[in-house]
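# Okay, here's the prediction I keep looking at, along with the sequence it came from:
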Amino acid sequence: MPVVRFRLSDLKSTKASGASIAALVAGALGLAALTMSSVSFAQNIRGSATGPTTAKGYDHPDQFIHLKPVKPADNMYPVIAHSEQEQQARGKLADLERKTGKKPNLIVFLLDDVAWTDPGFNGGGIAVGNETPTMDKLANEGLNLTSAYSTPSCSPSRATIMTGQNPLHHGILRPPMYGEPGGLDGAITLPSILKKLGYVTRGAGKWHMGENRGSLPQNVGYDDYLGFLSVSDEYTEWRDQYFEPEIALSPSRFKMMEEAPFSHYEVHCTPTNTEQCENLKLIDLAYIKDLDKRWMDYSVDFIKQMKDSKQPFFLYHATRGCHFDNYPSDEWAGKSRARTVYSDCLVHMDYVLAQLVKALEDTGQLENTLILLTSDNGPECEIPPHGRTLFRGCKGSSWACASRHLPTGKA
């Protein structure tokens, strides 16, 4: 860089006025600027403070933040459009419909409090003491959504599956407990839409989207539903002297819970009675062990019944497991390598899923069935043993562990 110099003694020798000194300085700076303008500088718009990089870098096929999202409909949030994948999917669906003569069957298999790293396909499985061969096979042969998020508790996630809405829109922002009002009442739901499109709709397992009349399964689109209306620990904790001795060992408090205005029973819900569901059996510390087997048999029987049907079906199977408190039956106690009640439950849930898949295979319906395997939220961390995750936080928090879960699909 050229440098223009002058000495203070030069200024003194001229005996110049302040104005002439200023003019001299300005002239010197102007000369410097004129000289510098002819010098070219190397730009550094990408690289580091030590200089520009010569590496071109790479774009990968699974990065979308630079793309402009579009709204699928006026009432929906913008999404990244994958037109090529959509065309391929539509083509496959059209081919299947021509082959089978009907729309595809849909199964949502929803686990409870199961974490991202519990199944083998995300690094868990036998490595953490609970093999999940069926889940792994579906994930490896299907589509594994590795960065899918939900709300950090169960009822908002379940209602989002039913409505397709953000919880701020459907209004269920936390789990309703012990008969609290609120739920799906008045919402447009997935089963109600599918029913209008000719689907047979069936549900099994945990509901927890409202116990009021308008929120019952038969009033939001289900032809038949077998399960319970609340959440697993609502039926058991206050009965267990080790979890809540202050209730279990207090006759007056125990009676208060027995008479509290929430459903204490496994229920069967059908449109023949829109006022209420039929109470079947009281859920206590013994019967809680049998529920996932009962619901598995119910769903397997339904799949077999639909073998030669001209109508497609929608099956929503929401397991009891593996929400605390886990009480494995004698058949499953110690079945996992870890031999904890949580890992025993997860091995059991993989078996339940396997029986549904086997029923589809045996009846020739697997090819035309879309299976969505997911969990409602991440693991709770209050009552060990519980799920495992690579991410920070727990169920109920705003960290990734609570809301990042394991959706995978198999068509």
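Now that the structure is in, tell me what you want to look at. Numbering: from 1, shown residues only.
# now the helices for the stretch 251-400 of the chain?
251-259, 291-305, 341-362, 400-403 (DSSP state H, counting those that start in this stretch).
# In the protein, where is pLDDT below threshold?
Residue ranges of the chain with pLDDT under 70: 1-41, 405-411.
# Give me the residue at the spatial middle of it.
By CA atoms, centre = their mean, the chain has its centre lying nearest to residue 150, at 4.4 Å.
# And for that one, nearest residue in space, chain neighbours not counted?
What sits nearest to residue 150 in space, not counting adjacent residues and going by CB to CB, 6 or more residues apart in numbering, is residue 157, at 4.3 Å. C-beta: built from backbone N, CA, C; applies to glycine.
# what residues are up against the one you found?
150-151, 376-377 (CB atoms under 8 Å, 6 or more residues apart in numbering).
# Pick out whichever of the residues you listed sits closest to residue 354.
residue 376 (20.8 Å; CB to CB).
# Residue 231 versus the closest one, what's the distance?
Between residue 376 and residue 231 the computed distance is 10 Å (CB to CB, to the nearest Å).
# shared neighbours, those two?
residue 154.
# more crowded one of the two?
Legend: neighbour count by other CB atoms under 10 Å for residue 376 and residue 231, higher for residue 376 (27 against 21).
# where exactly do the strands run in the stretch 301-411 of the chain?
313-318, 369-375, 404-405, 408-410 (DSSP state E, counting those that start in this stretch).
# Make CSV from the ones you listed and add mean neighbour count to it.
Below are the strands of the stretch 301-411 of the chain laid out as CSV (neighbours: other CB atoms under 10 Å):
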stretch, mean neighbour count
strand 313-318, 24
strand 369-375, 21
strand 404-405, 24
strand 408-410, 19
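# Pipe the ones you listed into TSV and attach distance to residue 209 per row.
As requested, those are exported to TSV (distance: least, CB to CB, whole Å):
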stretch	distance to residue 209
strand 313-318	10
strand 369-375	16
strand 404-405	18
strand 408-410	22
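# Show me the one of those strands that comes nearest residue 173.
The nearest among the strands of the stretch 301-411 of the chain, by CB to CB, is strand 404-405 at 18.1 Å.
# hang on, the residue nearest to residue 150 in a helix?
Yes. Residue 157 forms part of a helix when assessed by DSSP: H, G, I helix; E, B strand; the rest coil.
# where's it relative to residue 176, distance?
14 Å.
# Over to residue 202?
23 Å.
# got it, and residue 358?
Taken as CB to CB, the span from residue 358 to residue 176 is 35 Å.
# Which one's more surrounded, those two?
Neighbours were counted for residue 358 and for residue 176 using other CB under 10 Å; residue 176 has more, 21 against 14.
# ok, now which ones touch the residue lying closest to the more buried one once chain neighbours are set aside?
Of all residues not flanking residue 176 in the chain, residue 182 sits nearest, at 5.2 Å (CB to CB, 6+ apart). When contacts are counted by CB under 8 Å, 6+ apart, residue 182 touches 171-172, 176, 210, 212, 215.
# Compare these and tell me which is most surrounded.
residue 172 leads the contacts of residue 182 on contacts (other CB under 10 Å) with 28 neighbours.
# quick one: the closest residue to that residue other than its chain neighbours and residue 168, what's the gap?
Once flanking residues are discounted, residue 172 sits nearest to residue 159: 4.3 Å by CB to CB, 6+ apart. As judged by CB to CB, residue 159 and residue 168 stand 11 Å apart.
# So for the two, which residue has more residues nearby?
Between residue 159 and residue 168, counted using other CB under 10 Å, the more crowded position is residue 159 (26 against 9).
# Tell me how far residue 297 lies from residue 226.
According to CB to CB, residue 297 and residue 226 sit 10 Å apart.
# neighbour-wise, which of the two wins?
residue 226 (24 against 14).
# wait, what's in contact with the nearest residue to residue 278 once chain neighbours are set aside?
Excluding the flanking residues, the one nearest residue 278 by CB to CB, 6+ apart is residue 268, at 4.6 Å. Contacts for residue 268 (CB under 8 Å, 6+ apart) come out as 224-226, 277-278, 280.
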